[in-house]
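[1] No letters, just coordinates:
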Ligand code: ADP
């Protein structure tokens, strides 16, 4: 490899050239400390390639580039309509390259290719949605007294650090890039060290779309170094983070150094409630998708299935059957694969530790819970179901982040709500019932940022996404997502001489 590019052929035969540098000021550059990240294919445990990783000096450079771009007329003074046009072009370029981007995502992350293609659709929609908003962000006039004219401006927050996770690398990048660019901010994004590749290919498209240098900078790097430097950087005005609750708390503390604006989207242990009158086949189907999709690596995964005692046994049987027939584990590039490998060895080990914990604490392992390698390799785990789970068990309380679910019975609506809310998290929740009154009553009482009635894990770029309690602060997506990237300035104009 030379000049910070590598020619690659993916397992599905797609050939492409991948930039491997840090993306600063619209150029790919070397790490000042020669730091590297080696990306591993979780399907066969082999190295894909090595990319540059940011040192704290590199982060300083990226932040300086973002600051300069924020104050440069090529970005500061253009109209919202022009910003929107660049974003529409960016979305078109992503659309043209979506197969390559999805290929890189599947290769690096292990998610089924069909899921990566679905992610790309959502990336394109999200960028277009926020492109449309770029010239519709405005303040208001506020009538006070006749001698004063008062109006507000919605201005960008400034230099935004965006720290993203490995479960939806491009998806999470688009949720953050879309609103930040629409509102006229500049960005330093740090992808997760487990999945550094697809975002580098995306960086090429930033240049092609015509964004001025420094508007978007992408610095791969390690959380404890590059991530921490960003969170503590005095030149950063805002930090937007998606990842684990522990890291989110750390970032919140670090960000206090200059009182950064923060948006956090963190962990979950979301409940899915099945009431006695529910359509059990439908409930089981949604429960399956809600926990087993994306290898269970979803912050909103409905990982606690709470089922009314009158239908508990029936539900467990139907759910097991759905898992058995739908959760085909295998090569993520194969068309019939539902579940690929976990993203890394450490995530894989962590899930297997939870299996041991469940068994030790006396729960019943009803299905899965064992490795299922492909040709002796890869971080594959059979979809795992535990029953006879008590509310004090670790597997009931902690986020596993894998294809791992617990099923617990409840007797009454009151008990179901109490159990659903008996968690430090509050991201998503699902309610299955045919009783419309019950559904809305329970939806209102559950402590969560999102509730799905008779489904699970619906998500839409037009609808606010986020958590309560220790699942986060602020909202992404929808119109609410813009609030995270603007600040309001009030301007008073004195019209009279008397006051
Ligand atoms: P996981 O434990 O699943 O890897 P994390 O929450 O640690 O999830 O990681 C999410 C993102 O946060 C990644 O981009 C990671 O590099 C980054 N990160 C990890 N630790 C820190 C930290 N102390 N400060 C800032 N970013 C961090």
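    Cool, got the structure. Keep in mind the model is a prediction, meaning the values are calculated, not measured. Residues are numbered from 1 along each chain as shown.

[2] For this protein, which residues are neighbours of the ligand?
    163-165, 190, 192-193, 223-224, 227-228, 231, 243-244, 247, 250-251 (CB under 6 Å from any ligand atom). Yep, even glycine has a C-beta here, placed from its N, CA and C like the rest.

[3] Would you mind listing which of the residues you listed are buried?
    By neighbour count, with 16 or more other CB atoms under 10 Å, the residues of the chain next to the ligand hold 163-165, 190, 192-193, 223, 227-228, 231, 243-244, 247, 250-251 as buried.

[4] and which of those is nearest to residue 401?
    Nearest to residue 401 among these: residue 244, at 8.3 Å, using CB to CB.

[5] now, which of the residues of the chain next to the ligand lie within strands?
    Of the residues of the chain next to the ligand, the ones assigned to strands by DSSP state E are 163, 190.

[6] So which of the residues of the chain next to the ligand are in helices?
    Under the assignment DSSP state H, those contribute 228, 231, 247, 250-251 to helices.

[7] Let me see the ranges of the helices in the stretch 301-450 of the chain.
    Using DSSP state H, counting those that start in this stretch, the helices of the stretch 301-450 of the chain run over 312-326, 345-360, 394-397, 413-421, 436-445.

[8] so residue 116 sits in a helix?
    Yes. The assignment for residue 116 is a helix, going by DSSP: H, G, I helix; E, B strand; the rest coil.

[9] ok, now how distant is it from the ligand?
    In this view, residue 116 and the ligand are 19 Å apart by CB to the nearest ligand atom, to the nearest Å.

[10] Over to residue 261?
    For residue 261 relative to the ligand (CB to the nearest ligand atom), the value is 16 Å.

[11] what sits against the closest residue to that residue other than its chain neighbours?
    Excluding the flanking residues, the one nearest residue 261 by CB to CB, 6 or more residues apart in numbering is residue 238, at 4.1 Å. Taking CB atoms under 8 Å, 6 or more residues apart in numbering, we find residue 238 in contact with 157-161, 185, 260-263, 484-485.

[12] what do you get if the cut-off is 7 Å, keeping everything else the same?
    Residue 238 makes contact with 157-158, 160-161, 260-261, according to CB atoms under 7 Å, 6 or more residues apart in numbering.

[13] Can you add pLDDT and give the residues you listed back as JSON lines?
    Output for the contacts of residue 238, formatted as JSON lines (pLDDT from 0 to 100):
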{"residue": "157", "pLDDT": "98"}
{"residue": "158", "pLDDT": "98"}
{"residue": "160", "pLDDT": "98"}
{"residue": "161", "pLDDT": "98"}
{"residue": "260", "pLDDT": "98"}
{"residue": "261", "pLDDT": "98"}
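
[14] top of those residues by neighbour count?
    With neighbours taken as other CB atoms under 10 Å, the top of these is residue 161, carrying 32 neighbours.

[15] still on that earlier bit, which residues pair with the residue nearest to residue 261 across the strands?
    residue 160, residue 261 (DSSP bridges).

[16] Against the ligand, how distant is it?
    Distance from residue 238 to the ligand, by CB to the nearest ligand atom: 14 Å.

[17] now the strands for the stretch 251-400 of the chain?
    Here the stretch 251-400 of the chain has its strands, by DSSP state E, counting those that start in this stretch, at 261-265, 271-274, 304-308, 364-367, 384-387.

[18] Strand partners (parallel or antiparallel) of the third one?
    Paired strands of strand 304-308, with direction, are strand 271-274 (parallel), strand 404-410 (parallel) (DSSP bridges).

[19] Contacts for the longest one next, please.
    Outside strand 404-410, the residues within contact range by CB under 7 Å, 6+ apart are 291, 296, 303-309, 312, 316, 351, 354, 384-387, 389, 395-396, 416, 419.

[20] what do you get for stretch 228-235?
    By CB under 7 Å, 6+ apart, the surrounding residues in contact with stretch 228-235 are 56, 59, 63-64, 67, 159, 161, 163, 188, 190, 236, 239, 251, 254-255, 257-258.

[21] From those, list just the buried residues.
    With burial judged by 16+ other CB under 10 Å, the buried subset of these is 56, 59, 63-64, 67, 159, 161, 163, 188, 190, 236, 239, 251, 254-255.

[22] low pLDDT regions in the stretch 351-499 of the chain?
    498-499 (pLDDT under 70).

[23] So out of everything in it, what residue is nearest the ligand?
    Distances between the stretch 351-499 of the chain and the ligand by CB to the nearest ligand atom are smallest at residue 401, namely 6.8 Å.

[24] Report the contact partners of the nearest residue to that residue once chain neighbours are set aside.
    Closest residue to residue 401 apart from its sequence neighbours, by CB to CB, 6+ apart: residue 297 at 5.5 Å. Residue 297 is in contact with 167, 343, 401-402, counting by CB under 7 Å, 6+ apart.

[25] from what I can see residue 36 touches residue 54, true?
    No. Judged on CB atoms under 7 Å, residue 36 makes no contact with residue 54 at a distance of 10.9 Å.

[26] Neighbour count for the two, which is higher?
    residue 54 (31 against 12).

[27] show me where the stretch 101-250 of the chain has strands.
    So, for the stretch 101-250 of the chain - with DSSP E, counting those that start in this stretch - the strands run 148-156, 159-163, 186-190, 216-218, 238-242.

[28] any chance of these in JSON lines, with distance to residue 449 too?
    What follows is these, written out as JSON lines (distance: least, CB to CB, whole Å):
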{"stretch": "strand 148-156", "distance to residue 449": "24"}
{"stretch": "strand 159-163", "distance to residue 449": "20"}
{"stretch": "strand 186-190", "distance to residue 449": "23"}
{"stretch": "strand 216-218", "distance to residue 449": "27"}
{"stretch": "strand 238-242", "distance to residue 449": "13"}
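
[29] Pull out the buried positions in the host helix or strand of residue 50.
    Element membership of residue 50, judged by DSSP states H and E, is strand 46-53. Residues of strand 46-53 classed as buried by neighbour count (16+ other CB under 10 Å): 48-49, 51-53.

[30] what residue is smack in the middle of this protein?
    residue 172 (4.2 Å; CA atoms, centre = their mean).

[31] pretty sure that one contacts residue 166?
    No. Using CB under 7 Å, residue 172 makes no contact with residue 166, being 9.0 Å away.

[32] So, low pLDDT: which residues of the stretch 1-150 of the chain?
    Counting by pLDDT under 70, the stretch 1-150 of the chain has low-confidence residues at 1-2.

[33] can you pull out the helices in it?
    56-70, 73-76, 80-96, 98-109, 113-133.

[34] quick one, which of those helices is nearest to residue 178?
    Closest among those, once you apply CB to CB, is helix 113-133, at 3.5 Å.

[35] Give the other helices and strands that the closest one contacts.
    helix 80-96, helix 98-109, helix 169-182 (3 or more CB pairs under 7 Å, 6 or more residues apart in numbering; DSSP states H and E).

[36] run the last query once more with 8 Å
    helix 80-96, helix 98-109, helix 169-182, helix 480-483 (3 or more CB pairs under 8 Å, 6 or more residues apart in numbering; DSSP states H and E).

[37] Need the winner for burial among those helices.
    For the helices and strands packed on helix 113-133, the largest average neighbour count (mean count of other CB atoms under 10 Å) is found in helix 169-182, namely a mean of 27.

[38] Which residue ranges make up each domain of this protein?
    Following automatic domain parsing, the chain resolves into domains at 5-267, 271-459.

[39] out of the ones you listed, which comes closest to residue 471?
    When the domains of the chain are compared by CB to CB, domain 271-459 sits nearest residue 471, at 3.9 Å.

[40] thinking in terms of the whole chain, how far from its middle is the closest one?
    The chain centre lies 19 Å from the centre of domain 271-459; the measure is CA atoms, centre = their mean, to the nearest Å.
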